[in-house]
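Student: Predicted model follows, preceded by the sequence.
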Amino acid sequence: MNIKLTNSAIIIFIAVKCFSQENAIEIKGEILSFNKKVSDVHIINLSNGIGTISGDNGEFEINVSLNDILLISSIQYNRQKINITKSILTSKKIKINLIPSVNILDEVVIHGLSGNLTVDIRKVPKDNTPKMNFKFNKNDIYKVSLGNTFSSNKPPSVEHMVNPITMNGVGTGASFPNYAYEAQKKLKKELNLKKETPLKIITTLGEDFFINELKIAKDSIHHFLTYCETRNVIQKYNQNKLLELIKILQEESKSYHAIKNQ
C-alpha cells in the first residue's frame, strides 16, 4: 500500500512539474546599469535550470512560471535573485538594474591609533628596504681622475659595480624572489578557494535548486559538490561560467544518483 502511495505521489509530482513547464510564459527582459545597457550577463531560471545570456543591447528572453527564481549574474556586477510575480507574467516584461561590484584591495591596518598625528606617526611601520648609500663630499668630485678611471686601451672594470662584496657603500646585493614562499602562498589561496567556493555555490544557486531540480538531499549537497570536483566546478564558479556549471551539475547528478542507488 505504501509503495502504491509513493508511486502515486511521484506521478502527481511529475504531472505537476510538466504542467508547470507547459504553462511557462516567455518574457522579455533588459539588463541596465546606470541607464547603460549591459551585455554578456547570465540569466538563469533556478527553478528549472534553464538559462540565457543578455545580448549586445542588454536584452534577453526566457521562459518562466509563477514564483520561479531568476539568478542574474555577471563577474563585473553584484548578483541578484528575482522572484517571478503575477505582474511580471502579465506584462511579460522585466527590467533589471545591476550594481557594479567593488573589488577591495588588500590593505595594511595599523591598530591602536590615538587620533593624535604626532603620536600616531611613530606607530607607522618603518621602511626596512635597504637604502642605496651614495654619499659624496663636494671635494671628492675634484679628486676623480678621468685618466685613471677610463682608458682608451682598456675597458672600465664593472666588477665593483655588480659584485656585492666589492660594492663599497652601495648597500646589499640583489634581492631574488622567494619561490618557496610564492608557491606556499599560491597553495594556500587554492585551498581557501576549495574550502569556501562550495558554500558560495550553494548560496548562489540556492538549496532549492539542489533539492528540487537535482533531487539531492540537503545533507548530501556538500558531498555531491565534492563528487563534482573532477569537472572543475570550483573554477567554473569563480570564472562566473554559471551556465556551464549548472549543466555539469545536472549531468553529474544522474551518475551520482546511479552510484548511490547501487
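Tutor: Noted; the coordinates are in hand.
Student: My read is that residue 253 contacts residue 217, right?
Tutor: No: proximity of residue 253 to residue 217 does not meet the contact threshold set by CB atoms under 8 Å, at 11.6 Å. The way it works is simple: take the backbone N, C-alpha and C, and place the C-beta from them, glycine included.
Student: With neighbour numbers in mind, choose between these two.
Tutor: Residue environment comparison for residue 253 versus residue 217 gives the larger neighbour count to residue 253, 18 against 11, counting by other CB atoms under 10 Å.
Student: what about residue 39, neighbour count?
Tutor: Counted with other CB under 10 Å, the neighbours of residue 39 add up to 14.
Student: which residues does residue 197 contact?
Tutor: Residues touching residue 197, when contacts are defined by CB atoms under 8 Å, 6 or more residues apart in numbering, comprise 234, 237, 238.
Student: ah, wrong one, I meant residue 227
Tutor: Contact criterion CB under 8 Å, 6+ apart gives 252, 256 as the residues in contact with residue 227.
Student: residue ranges of the helices in the protein, please?
Tutor: Counting by DSSP state H, the chain has these helices, from start to end: 2-22, 86-91, 117-120, 146-149, 159-162, 179-205, 207-208, 221-227, 233-238, 242-260.
Student: I'd like the average pLDDT over the fifth one.
Tutor: Spelled out, that is helix 159-162. Summarised as a single mean, pLDDT over helix 159-162 is 53.
Student: what's the answer for the last one, then?
Tutor: Confidence over helix 242-260 (mean pLDDT, whole number) is 95.
Student: now swap in the second one and tell me
Tutor: pLDDT averaged over helix 86-91 equals 96, rounded to a whole number.
Student: any residues touching it, and which ones?
Tutor: Where contact means CB under 8 Å, 6+ apart, the residues beyond helix 86-91 that reach it are 25, 27, 64, 65, 66, 94.
Student: among the residues you listed, who's most crowded?
Tutor: Using other CB under 10 Å as the neighbour criterion, residue 64 leads those with 23 neighbours.
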